[in-house]
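Colleague: 3D, please:
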Amino acid sequence: MPKAIQFLFLIPILVAPLKAGDLYVSPLGDDGWTGALAAPNAASTDGPLRSPARAIEKSRDLRKALPQAPVRILLESGLYRLTAPLVLYVADSGLSLEAAPGASVTLSGGRPLTGWKKEGGLWSAQVGPGWTFRWLSADGSPRFRARLPREGFFTHETRFDVRWKSSTGGGWGRPLTQEETGQMTYREGDLGSWLDQGSAELEILHMWDESWVGIESLDPKARLLRFTGSTTHPPGAFDVRQYAVWNVKEGLTDPGQWCLDKAHGKVWYKPRAGEDPNRMDFEAPTLTTLIRLNGYKDLPVSAVTIQGLTLTLTDVALSNTGFGAMNSTAAIELTHVRDCRLAGLKVLDLAGWGLQSMDGDRNAVEGCGFSDLGGGAVRLTGGGNRLEDSVIRRIGGLYRGAIGVYWEGSGGVIAHNTVEDVPYDGMMCQAGGALIECNKIRRAMLQLHDGAAIYTGFCKAVTIRGNDVRDIPDTGGYGSSAYYLDEQAENDLVEDNLSVGVARPMQDHMAKNNTIRGNLFVVEGDGRLCFPRCNGFRVEDNFLWASGSWAFEAPEGGVTAWPDNLVYSGTGKVEWRKLADYNPVATQDWGSPDGSKREDPRFADPLHGDFTLRSGSPAAKKLGESWKTAGPRSAATP
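Modeller: Below is the predicted model of the structure:
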C-alpha cells in the first residue's frame, strides 16, 4: 500500500452527534470487542472492532436491538486490507459506513509483492500459486504492463467488408460467424512461436471500442491467431486493423513496465532510474470488488450512506468486456438500490470501473474523486440519479474504450463535475429527460473515434446546458466532437455551452427535432457542424468563430431554421454542404439565412479563452455565462 496517499479532494464531512447506534472500527481494535468505543479502554478489555466486515455483522444485531435508531459504522484512520468484498443486503438498509471525523481511511483489495531479485537489467518476484492480476501499483501509482509494439500498433491482415447498418438498423448486414470473431491473421515478422501464449493478451481495436482476448493457439506457418473468446466486432471491421500484444516479457522496453509470467507465477519489472523494488511498496490486487450492495427489483437496498473513504486496488479478469468495458467489474457495485448516497469518496489506482450501479433510483454521488482507473469512472442506470461536484481524471489505463460517465435510464442530473484525460467519451447519456449541466471536460476522445466530450443518443428530451469543453483531439476514423446527438436523439436542447479547441464542435446523426441555441463554438483552423441523416434541427442565437473556414453539412430538411446566429470565418469562407446519406452532393455559399450575420464579434482573445467583446463589436446579444460556473462548486481541489 502507498506510504502516502494523495487524495483527490479535501471535502468537509458533516457528521451527526454520536449515538448508541455507532460502531467503531480501528486497526488497533479487536473483533472480539463490542465496537462501542473509538479506542481501546485502559485495561484493553474493550474497544473498537478490527475489521469492517465484523462491524457489518454486529450492526445487524444492533439494528435488531435498536430498530428505530440509525446505525453508523465509523472507521478510524488506517489501512484496511479486505479479503472479501463488504456486502450489504436489504436488511442493511439505512446503514451508514463512513470515516470517523477527521479520519483518513483506506479500503484496499491489494497485497504486497516482496522478495524482489535482480536478474540482469530486470527485477523479478514470485507470487503465490494461482494468483493472476492485470494491475500493479508502486508507491501509490500504477505501473503499466509490457506491450508490443513499443509505440502505436501492429497491423493485422484480416479484412471484414460487410456493411455496418447503424445500431438502429440492426448492426452488421448479416450474422457473424465464429471464425470472423474468433481468429486473425498477423503480418509476417510481427509475432511467432516465441510468443508466451499462456500469458499474452490481445487488444484488438475497432472504431468506437476494442476487444480483449487471450490466445488459444498460434500457427506460425499460416500466421493465424485463434482466440480464447470472441471479439465484439470482427477484426478488420470498419477497416480498422490495429492490435497490440500485452503482458509479454519481450515488451519490457521502457522503465516502469511489468509483466506476469502466469505459468511460473513470476512478475518481471523493468526499473526506472534509481529504483530498488525492495525499498518500494509494490502491491497487486486480489479482489475485483470492494463494496457491493445487493437488493431485489421489488425490494431494493435503500438509504445506505458510504462516506469519506478511499478505495484502491481491484483487479478485473481477462475477458471481452464489450462496449465501454461495461462488462468489467467495479470497486463499488450497486444492484437494485434506492435513495443511497455516496459522498466524499476517493476511488483510485485500480483495474476496473470505479462505480457501477445497475437498476438504481434516486441515488446520489457527491463530491467524489476518481483517478488512475483501468476502466471507466461512474456508471449509473435507473431513474432520478444524481452525480454532482465530482472529479474524474486519467481513466482507461487498461481499456481505451472507457467512458468517464455512463448514464442510462430516465431523468437524473449530471452537474458541476470535471472530467479530464479520457480515451473515449467524457460523458455518455442514454437517459431521456436527463439534465447535463455545468460540467468541465478537457482532453476526452484521446484514443478512439466516433464519440464526444458529451454524447447522447437513443433517448429524448435531454438538456445539455452550460458545459465547458476544450481540447478534444480528432484522432481520425469517424472523428470526435464536443457535443454529439446520435441515433434517436429527439427534442434535445443544447444551450449556452462552450467549445474551444474542437474542430467539430457539434456532431449530429440520425437525430431529429433538436435545438442548438446560444452556444459559443471557437475553432482554431477550419470548423464543421454536421447533421448527417438528421431532420428538423433548429440552430439559433449561437456565436460561431473560426480562424479558418466553416462548413455546415446536412441533408435537405436537416436544419430547418438558422435564426440570429453570429458567424465569423477568418478566411471569409462559410459553406453549406448538402448531404445524401453521408456524402456531400452539392456545395454552395451559406449566405446569411434567417437573420444570421457573418461578422467578427471582436472577442479579445478567443483562442485563449478571453471572450470579452471589444468596442465596436456587432454582437447585439450578450453571451450566455452559465458555462463560467462549470466544474465542482466546492472549494476542494484535486
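
Colleague: Which elements pack onto the host helix or strand of V494?
Modeller: For V494, the element it lies in under DSSP states H and E is strand 493-495. Using 3 or more Cβ pairs under 8 Å, 6 or more residues apart in numbering; DSSP states H and E, the elements in contact with strand 493-495 are strand 463-465, strand 515-517. For glycine as for every other residue, the C-beta is placed from the backbone atoms N, C-alpha and C.

Colleague: can I get these in TSV with mean pLDDT?
Modeller: What follows is these, written out as TSV (pLDDT from 0 to 100):
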stretch	mean pLDDT
strand 463-465	98
strand 515-517	98
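
Colleague: In CSV, list these along with mean neighbour count and distance to W172.
Modeller: Putting these into CSV (neighbours: other Cβ atoms under 10 Å; distance: least, Cβ to Cβ, whole Å) gives the following:
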stretch, mean neighbour count, distance to W172
strand 463-465, 22, 31
strand 515-517, 22, 32
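
Colleague: looking at the ones you listed, which is closest to Q430?
Modeller: Across those, Q430 has its closest neighbour in strand 463-465 (13.5 Å, Cβ to Cβ).

Colleague: Give the partner strands of that closest one in its sheet and their orientations.
Modeller: Take DSSP bridges as the rule and strand 463-465 pairs in its sheet with strand 435-437 (parallel), strand 493-495 (parallel).

Colleague: Tabulate the ones you listed (JSON lines), appending distance to G170, mean pLDDT and mean neighbour count.
Modeller: Below are those laid out as JSON lines (distance: least, Cβ to Cβ, whole Å; pLDDT from 0 to 100; neighbours: other Cβ atoms under 10 Å):
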{"stretch": "strand 435-437", "distance to G170": "28", "mean pLDDT": "98", "mean neighbour count": "23"}
{"stretch": "strand 493-495", "distance to G170": "28", "mean pLDDT": "98", "mean neighbour count": "23"}
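
Colleague: can you redo the ones you listed as CSV with distance to S93?
Modeller: Converted to CSV, the strands paired with strand 463-465 look like this (distance: least, Cβ to Cβ, whole Å):
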stretch, distance to S93
strand 435-437, 28
strand 493-495, 37
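
Colleague: For W33, which of those strands is the nearest?
Modeller: W33 lies closest, by Cβ to Cβ, to one member of these: strand 435-437, at 47.5 Å.

Colleague: Can you name the residues that contact the closest residue to Y484 other than its chain neighbours?
Modeller: Leaving aside its chain neighbours, Y484 sits nearest to A452 (3.6 Å; criterion: Cβ to Cβ, 6 or more residues apart in numbering). Shown in contact with A452 (Cβ atoms under 8 Å, 6 or more residues apart in numbering): 425-426, 444-445, 472, 480-484, 507.

Colleague: Within the sheet, what are the partner strands of the helix or strand where A452 lies, with directions?
Modeller: A452 is located in strand 451-456, with elements delineated by DSSP H and E. Strand 451-456 has the following strand partners under DSSP bridges: strand 427-432 (parallel), strand 480-485 (parallel).

Colleague: how about the CA coordinates for the last one, as CSV?
Modeller: The C-alpha trace of strand 480-485 is given here as CSV (Å, rounded to 0.1, in the frame of the first residue of the first chain):
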residue,chain,number,x,y,z
SER,A,480,-14.7,13.4,-32.4
SER,A,481,-16.7,16.3,-31.2
ALA,A,482,-17.5,18.4,-28.2
TYR,A,483,-21.3,17.6,-28.3
TYR,A,484,-22.9,14.7,-30.1
LEU,A,485,-26.6,13.9,-30.6
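
Colleague: can you offset everything so residue one is 40?
Modeller: Sure, I'll start counting at 40 from here, so that last one is strand 519-524.

Colleague: avg pLDDT for it?
Modeller: The average pLDDT within strand 519-524 is 97.

Colleague: Quick one: residues in contact with it.
Modeller: The contact list for strand 519-524 (Cβ under 8 Å, 6+ apart) reads 483-484, 488-496, 503, 506, 508, 511-513, 531, 533, 536, 538, 541, 543-548, 550, 553, 560.

Colleague: if we can go back for a sec, what residues are recorded as beta-bridge partners of the residue nearest to Y523?
Modeller: S520.

Colleague: how close does it get to A483?
Modeller: 7 Å (Cβ to Cβ, to the nearest Å).

Colleague: overlap in contacts of those two?
Modeller: Shared contacts of A491 and A483, defined by Cβ under 8 Å, 6+ apart, are found at 464-465, 511, 519.

Colleague: Among those residues, name the ones in strands.
Modeller: Using DSSP state E, the members of the shared contacts of A491 and A483 that fall in strands are S519.

Colleague: ok, so of the shared contacts of A491 and A483, who is nearest V404?
Modeller: Within those, the smallest distance to V404 is 16.0 Å, found for G465 (Cβ to Cβ).

Colleague: residues near the closest one, how many?
Modeller: Look at G465: counted by other Cβ atoms under 10 Å, it has 32 neighbours.

Colleague: Perfect, that will be all.
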